[in-house]
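[1] next input, structure requested:
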Amino acid sequence: MVDEFFEGARLIGIVAPVKGYQFSWMLNQYLQIDYRINHDLEIQLEKKKRKYFFSIYEYAEPNGSLTHYLYLNQCDGEYLLPELKHLDFLWLLKGDQTSASQVAHLLQSVREIPGVQLVMELTEEKIKNRMNLIF
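    The predicted structure follows:
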């Protein structure tokens with residue numbers, strides 16, 4: 001199930017110390033996209049007998065089947081991907097195949113947004129808790 005979910009997907013890690021709604025607005029403004037929060041996709045994890053809710057913003061490209069998902073990696077001191085605590089957001093590209101040049105262009109575009117401190121593509125080897133990203 002995990003391999004099937006991530007087949008052909010690309011994942012980007014972002015450090016930008018702002019709220020999720022602020023960052024999605026910034027992406028919408030600077031990249032002319034239309035991220036919207038999708039409460040149906042929200043990920044719930046239970047840790048230390050407490051529930052944590054990780055919001056997901058979604059944008060489906062109008063031409064094609066590529067969908068962009070923006071995950072918040074932190075909620076009240078807990079992390080969706082604890083092995084990547086330094087990241088604030090995770091950007092998953094899923095659907096159509098995305099070329100290396102498309103990803104490189106996206107990385108460069110996000111780097112140019114004020115407040116973004118780090119943008120990097122993540123490889124499967126770096127992600128131990130991939131199951132946490134499945135909605």
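[2] mind listing what's buried in stretch 84-100?
    Residues 84, 87-94, 98 are the ones in stretch 84-100 that count as buried (16 or more other C-beta atoms under 10 Å). For every residue, glycine as well, the C-beta is placed using N, CA and C.
[3] stretch 112-131 too?
    113, 116, 119, 121-122, 127.
[4] and the least confident of the residues you listed?
    When those are compared by pLDDT, I127 scores lowest at 90.
[5] how close does the closest residue to that residue other than its chain neighbours get to H39?
    The shortest distance from I127 to any residue that is not its chain neighbour, by C-beta to C-beta, 6 or more residues apart in numbering, is 6.3 Å, and that residue is L81. The spacing between L81 and H39, counted by C-beta to C-beta, to the nearest Å, is 21 Å.
[6] and the two? Which one has more around it.
    The residue with the greater number of neighbours, taking L81 and H39 and applying other C-beta atoms under 10 Å, is L81; the counts read 22 against 8.
[7] F5 versus the more buried one, what's the distance?
    Between L81 and F5 the distance, using C-beta to C-beta, works out to 15 Å.
[8] repeat for L72
    With the distance defined as C-beta to C-beta, L72 ends up 19 Å from F5.
[9] buried sites along the helix-or-strand element of the chain with minimal mean pLDDT?
    Taking mean pLDDT, DSSP states H and E as the measure, the helices and strands of the chain show their lowest mean at helix 2-6, namely a mean of 85. Within helix 2-6, the residues that qualify as buried by neighbour count (16+ other C-beta under 10 Å) are F6.
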